[in-house]
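Student: coords please:
(one chain, ligands or ions: 1)
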Amino acid sequence: MSTIKEQLIAKFQDRSAHVAILGLGYVGLPLAVVFGEAGFHVTGIDPIAEKVEMLNKGESYVLDVPSAQVTDLVKKGRLNATTDFAALREADAVSICVPTPLRKTGDPDLSFVVSASNELAKHVHAGMVIVLESTTYPGTTRELILPQLEQNSGLKCGKDFFLAFSPERVDPGREDWTTINTPKVVGGITADCLDAAVAWYCQALQKVVPVSSAEVAEMAKLLENTFRMINIGLVNEMAIMCDRLGVDVWDVIEAAATKPFGFMKFTPGPGLGGHCIPIDPLYLSWKLRALNYTAKFIELASEINTNMPRFVVGKTQDALNDRQKPVNGSKILVLGAAYKPDIDDLRESPALDVIGLLMRKGANVSYHDPYIAQISHEGWQMQSVSNLEAAVRQADCVIIVTNHKVYDYPAILKSAQLIIDTRNALGEMGRGNPKVVRL
Ligand SMILES: NC(=O)c1ccc[n+]([C@@H]2O[C@H](COP(=O)([O-])OP(=O)(O)OC[C@H]3O[C@@H](n4cnc5c(N)ncnc54)[C@H](O)[C@@H]3O)[C@@H](O)[C@H]2O)c1
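Tutor: Presented below is the predicted three-dimensional model:
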């Protein structure tokens, strides 16, 4: 007679397994679509009724997922969404893709993971595999989720049901590496948990990388993002040092990048943004603090990156000053509000800090972003200007915060009086141009 694990694996192979995705955001929706495309019946569960309604109508709200793809899957009966967690009763395989933000105090906010796993605990049943995808500190899967699932159900992990961690590596807006072809690291609570999770994911994803434990998978994600955060911190500090020295940091980076080995190119900017790089390493440093260890590189890089919006505002103030203008009362247009180019994600965007700091100095600030129609943040609201050309012409200063590809940079350069280019969006056009201040 076959074991529970073998029966589950057989269901993945013949596509009779029913998949559920908890959390239909930037990570969960693309994953749901990938499983749907692989032939599974997928139910997405999310407490936000508007998202659920849109998906059931075949409409996507994530830029990387075309509505046509959602419509097709909904029509074929391979994708549906609900706010009702009772749908978990029918699920053989569940991915948890809920947010893991920070609290105002800078500590991890695991309330979404806890509430998702509370719901799962009510419906976990024999022959179910559960994979946590949300980025978190090492130990979350084993220390937080496992006890909840076992205590409430009386089932045994690794025998009756299976639990694993698999970090999501998706880079929104990217077209070469997407959910389907980015290698997927998976670590199980037990060896059988790993087998079950790998058997599921390898049906839909091109490359699955099994690792020795859930903790290795959790820590690998934090190493990847800490690596980025620290290197961005380093290159941001290079920009500050080059500024003091009167050396062009962009030229320095290009020169260093000609080395064919031992150097990896990172570029400076107005600060870190998004739901991952500024936040995930702080999950690690928080966990280490509880073990009486200070994650020094993380703290330092975080401090440098957090101060970049202030550096940008300082450059703006100096440039206006050179033109006998105070920041107070000047018209300043922020170009691009998303945290990185060509996406519509505003979370933790440095544009929010740049705008807030300038407003506090009395500037008359407006912004334009083709993907973000309005901003409501810490007591202020703003709408993206409707006439970009006129706004550029009328501004005393334009700050390029996010270098969206759709912008016509030569036209912007022609109309603007002064540009602070924090991303080298103007490239050679900006070099030596008296209207342009590069970071
Ligand atoms: N966005 C990225 O680029 C990215 C990349 C890699 C990893 N991650 C990680 O993936 C996780 C999800 O990020 P995201 O960007 O998709 O977040 P998101 O905010 O876009 O989506 C999360 C969704 O979960 C829903 N949700 C909240 N509580 C829930 C619950 N109890 N049950 C079911 N759904 C619930 C929310 O309504 C929301 O729709 C985070 O841990 C994040 O760090 C994100």
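Student: Next to the ligand, which bits of the stretch 151-300 of the chain? Give me the list.
Tutor: 168-170, 172, 275-276 (C-beta under 6 Å from any ligand atom). Where C-beta positions appear, they are placed from N, C-alpha and C, glycine not excepted.
Student: Now render those residues as a markdown table, adding distance to residue 328.
Tutor: Converted to a markdown table, these look like this (distance: C-beta to C-beta, whole Å):
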| residue | distance to residue 328 |
| --- | --- |
| 168 | 44 |
| 169 | 44 |
| 170 | 42 |
| 172 | 37 |
| 275 | 34 |
| 276 | 36 |
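Student: shaky segments in the chain?
Tutor: 1 (pLDDT under 70).
Student: Could you check which helix or strand contains residue 2?
Tutor: Secondary structure assignment for residue 2, by DSSP states H and E: no helix or strand.
Student: what about the closest residue to the ligand within the stretch 1-150 of the chain, how many neighbours?
Tutor: Scanning the stretch 1-150 of the chain for the residue nearest the ligand gives residue 25, at 1.8 Å (criterion: C-beta to the nearest ligand atom). Here the number of neighbours of residue 25 (other C-beta atoms under 10 Å) works out to 18.
Student: how close does the nearest residue to it once chain neighbours are set aside get to residue 360?
Tutor: With sequence-adjacent residues excluded and distances taken as C-beta to C-beta, 6 or more residues apart in numbering, residue 25 is closest to residue 97, at 6.6 Å. The gap separating residue 97 from residue 360 is 36 Å, by C-beta to C-beta, to the nearest Å.
Student: Look at these two and report which has more neighbours.
Tutor: Set side by side, residue 97 and residue 360 show more neighbours around residue 97, with 26 against 10, by other C-beta under 10 Å.
Student: And the helices in the stretch 201-350 of the chain?
Tutor: 214-245, 249-256, 280-289, 296-322, 350-360 (DSSP state H, counting those that start in this stretch).
Student: Select from the residues of the stretch 151-300 of the chain next to the ligand every entry located in strands.
Tutor: The strands, defined by DSSP state E, take in nothing from these.
Student: In CSV: the residues you listed, plus neighbour count.
Tutor: CSV is the format used below for these (neighbours: other C-beta atoms under 10 Å):
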residue, neighbour count
168, 20
169, 19
170, 18
172, 21
275, 19
276, 26
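Student: if we can go back for a sec, save the helices of the stretch 201-350 of the chain as CSV, and put in distance to residue 437 too.
Tutor: Below are those laid out as CSV (distance: least, C-beta to C-beta, whole Å):
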stretch, distance to residue 437
helix 214-245, 10
helix 249-256, 12
helix 280-289, 30
helix 296-322, 5
helix 350-360, 14
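Student: And those: which comes nearest residue 147?
Tutor: Of all these, the one in closest proximity to residue 147, counting by C-beta to C-beta, is helix 214-245 (13.6 Å).
Student: that older thread, the residue nearest to residue 25 contacts residue 20, correct?
Tutor: No: between residue 97 and residue 20 there is no contact, the gap being 10.7 Å when judged by C-beta atoms under 8 Å.
Student: picking that back up, so what's the residue nearest to residue 25 up against?
Tutor: Applying C-beta atoms under 8 Å, 6 or more residues apart in numbering to residue 97 gives the contacts 21-25, 27-28, 31, 133-134, 168.
Student: In strands only, show me these.
Tutor: 21-22.
Student: Among the contacts of residue 97, name the buried ones.
Tutor: 21-25, 27-28, 31, 133-134, 168 (16 or more other C-beta atoms under 10 Å).
Student: Leaving out the residues flanking it, which one is nearest to residue 323?
Tutor: Going by C-beta to C-beta, 6+ apart, residue 323 has residue 418 as its nearest residue, at 6.7 Å.
Student: State the number of residues packed around the one you found.
Tutor: 21.
Student: In this structure it contacts residue 399, no?
Tutor: No: using C-beta under 8 Å, residue 418 is not in contact with residue 399, being 9.4 Å away.
Student: State the distance from the nearest residue to residue 354 once chain neighbours are set aside to residue 349.
Tutor: Once flanking residues are discounted, residue 354 sits nearest to residue 309: 4.7 Å by C-beta to C-beta, 6+ apart. To residue 349, residue 309 is 10 Å away according to C-beta to C-beta.
Student: One more: residue 92?
Tutor: In terms of C-beta to C-beta, residue 92 sits 38 Å off from residue 349.
Student: So which of the two has more stuff around it?
Tutor: residue 349 (28 against 21).
Student: can you pull the contacts of the more buried one?
Tutor: By C-beta under 8 Å, 6+ apart, the residues touching residue 349 are 273-274, 337-339, 401-402.
Student: residue contacts, the residue nearest to residue 354?
Tutor: Residue 309 makes contact with 270-271, 350, 353-354, 357, according to C-beta under 8 Å, 6+ apart.
Student: out of the contacts of residue 349, who's nearest residue 62?
Tutor: Residue 62 lies nearest to residue 338 out of these, by C-beta to C-beta, at 13.5 Å.
Student: Please, which helix or strand holds residue 71?
Tutor: Under the assignment here (DSSP H and E), residue 71 is part of helix 67-75.
Student: Show me what that helix packs onto, helices and strands only.
Tutor: helix 28-37, helix 49-56, strand 79-82 (3 or more C-beta pairs under 8 Å, 6 or more residues apart in numbering; DSSP states H and E).
Student: Report the distance from the longest one to the chain centre.
Tutor: Here helix 28-37 shows a centroid-to-chain-centroid distance of 17 Å under the convention C-alpha atoms, centre = their mean, to the nearest Å.
Student: List the buried residues of that helix.
Tutor: Applying 16+ other C-beta under 10 Å to helix 28-37 flags 28-37 as buried.
Student: Looking at those residues, which is nearest residue 364?
Tutor: For the buried residues of helix 28-37, the nearest to residue 364 is residue 29 (38.1 Å; C-beta to C-beta).
Student: Leaving out sequence neighbours, find the closest residue to the closest one.
Tutor: Spatially, and ignoring its direct neighbours in sequence, residue 29 is nearest to residue 62 (4.9 Å; C-beta to C-beta, 6+ apart).
Student: Same question for residue 327.
Tutor: Residue 327's closest residue in space is residue 361 (C-beta to C-beta, 6+ apart), at 4.5 Å.
Student: How many neighbouring residues does that neighbour have?
Tutor: The tally of other residues near residue 361 (other C-beta under 10 Å) stands at 16.
Student: all numbers from here: first residue = 27
Tutor: In the new count, where the first residue is 27, that last one comes out as residue 387.
Student: Look up phi and psi at it.
Tutor: Note on residue 387: backbone dihedrals following degrees, to the nearest 10 are phi -90, psi 0.
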